[in-house]
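A.B. asks: Coordinates for the following, if possible.
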Amino acid sequence: MRKFVYIIFLVFVTVACGQQKENAYNAEEFIKLKEQNKDLVLLDVRTPPELSGNLGKIDGVINIPLQELNSRVGELEEYKDKEIVLICRSGRRSGIATDILLKKGFTAYNLEGGMIGYRAVENKK
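C.D. replies: Take a look at the predicted model:
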């Protein structure tokens, strides 16, 4: 049943959002990119308890919750020359975080559909 709900959500996100936005990857693109680009920086903006929840986390992520991003952005300076993909549960918070980092001069991309979309695609494999 959970897999079905993920698939329905992914379809909803795809239809609701229309074409992919600039500075965003869908789950399929992200999975390919993650396999090809070993220098890719993954920034999860969910709260620490969410990372241990049912959606889990992706290995190697940096965790800075969205509500702390402005005050902790200095921690990301060493990644300013790298591509950063922002992740959250559904893509909403990571979209906000992407805009914040873009305004501060980072190369940032949102994972559309967030961990829900990512897990749905991952479970199809």
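A.B. asks: Every contact and neighbour count from this point should use C-alpha atoms.
C.D. replies: Will do.
A.B. asks: Enumerate every residue touching the residue sitting nearest the centre point of the chain.
C.D. replies: Taking Cα atoms, centre = their mean, the centroid of the chain lies closest to Ile87, which sits 2.1 Å from it. The contact partners of Ile87, taken as Cα atoms under 8 Å, 6 or more residues apart in numbering, are 42-46, 93-94, 110-111, 114-115.
A.B. asks: Kindly report the same for Ala97.
C.D. replies: When contacts are counted by Cα under 8 Å, 6+ apart, Ala97 touches 45, 66, 69, 86.
A.B. asks: Could you rerun that using 10 Å?
C.D. replies: For Ala97, the set of contacting residues under the criterion of Cα atoms under 10 Å, 6 or more residues apart in numbering consists of 43-45, 65-67, 69-70, 85-88, 91, 103, 108-110.
A.B. asks: Repeat that for Gly95.
C.D. replies: For Gly95, the contacting residues are 23-24, 45, 86-88, 108-114, by Cα under 10 Å, 6+ apart.
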